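>>> okay, sequence plus prediction incoming.
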Amino acid sequence: MKVSAKTRYGLRTMALLAKNYKEKNFLSLRKISEEEGISQDYLEKIMEKLKEKKLVRAKKGKEGGYVLARSPEKIRVGEIVEVLEKDSNLVFCLAKNKNMVCPKEKKCLSKKVWLNVQKAINSTLNSITLKDLIKL
């Protein structure tokens, strides 16, 4: 599994929002962009996806920006990855896309390996919260 820049930047941004969660201050795109070294245009696309899935809330205006929609201990890294990655499967045969069927699917001897590795990755990602990240 290769993690996209969108997911890496999104996770960094969510960790930054988690660090500022107690202050309840909205962080502007400009502030996040400067702190994380991410272009504002790209960051805006990331934040729209996170907002759509109710991981962040947005406020317009002078005091506007973004905050976490839930407390850091209630947001798991796996949720963020799921929102930002088009396909987080190691191999295409694990995808739920019915258009991509492997001709060896019924006889594949290695599929169990990929399935177990995928489960381990998902388990790890879902065992880490944003609160865990900001404590590290």
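Nice, I can see it. Just so it is clear, the model here is predicted, and its values are computed rather than measured.
>>> which strand or helix spans the residue sitting nearest the centre point of the chain?
By C-alpha atoms, centre = their mean, the mean C-alpha position of the chain lies nearest to residue 80, the distance being 2.3 Å. Following DSSP states H and E, one finds residue 80 within helix 77-84.
>>> what's the mean pLDDT across that helix?
Mean pLDDT, helix 77-84: 95.
>>> I'd assumed residue 57 was in a strand, is it?
Yes - counting by DSSP: H, G, I helix; E, B strand; the rest coil, residue 57 falls inside a strand.
>>> can you name the residues that contact the nearest residue to it once chain neighbours are set aside?
In this structure, residue 57 finds its nearest non-sequential neighbour in residue 69, 4.9 Å apart by C-beta to C-beta, 6 or more residues apart in numbering. In short, each C-beta sits where N, CA and C put it, glycine included. Neighbour list for residue 69: 54, 55, 56, 57 [criterion: C-beta atoms under 8 Å, 6 or more residues apart in numbering].
>>> now for the second one: which residues touch it?
If a contact means C-beta under 8 Å, 6+ apart, then residue 55 has 14, 68, 69, 70, 75, 79, 80, 83 as its contacts.
>>> ok, for the last one, nearest residue in space, not its chain neighbours?
Spelled out, that is residue 83. residue 53 (4.7 Å).
>>> show me the helices in this structure, by range?
With helices called from DSSP state H, the chain shows them at 5-19, 29-36, 40-52, 77-84, 111-127, 130-135.
>>> compute the inter-axis angle for the lowest-mean-pLDDT helix or strand in the chain and helix 77-84.
Least confident helix or strand, the chain: helix 111-127 with a mean of 91, by mean pLDDT, DSSP states H and E. For helix 111-127 against helix 77-84, the angle between stretch directions is 110 degrees (axes from the mean of the first three to the mean of the last three C-alpha atoms, to 10 degrees).
>>> show me the shaky parts of this protein.
Along the chain, segments meeting pLDDT under 70 span 1, 92-101, 136.
>>> count of neighbours near residue 35?
13 (other C-beta atoms under 10 Å).
>>> how close does it get to residue 86?
Going from residue 35 to residue 86 by C-beta to C-beta, to the nearest Å gives 26 Å.
>>> no further queries at this time; thank you.
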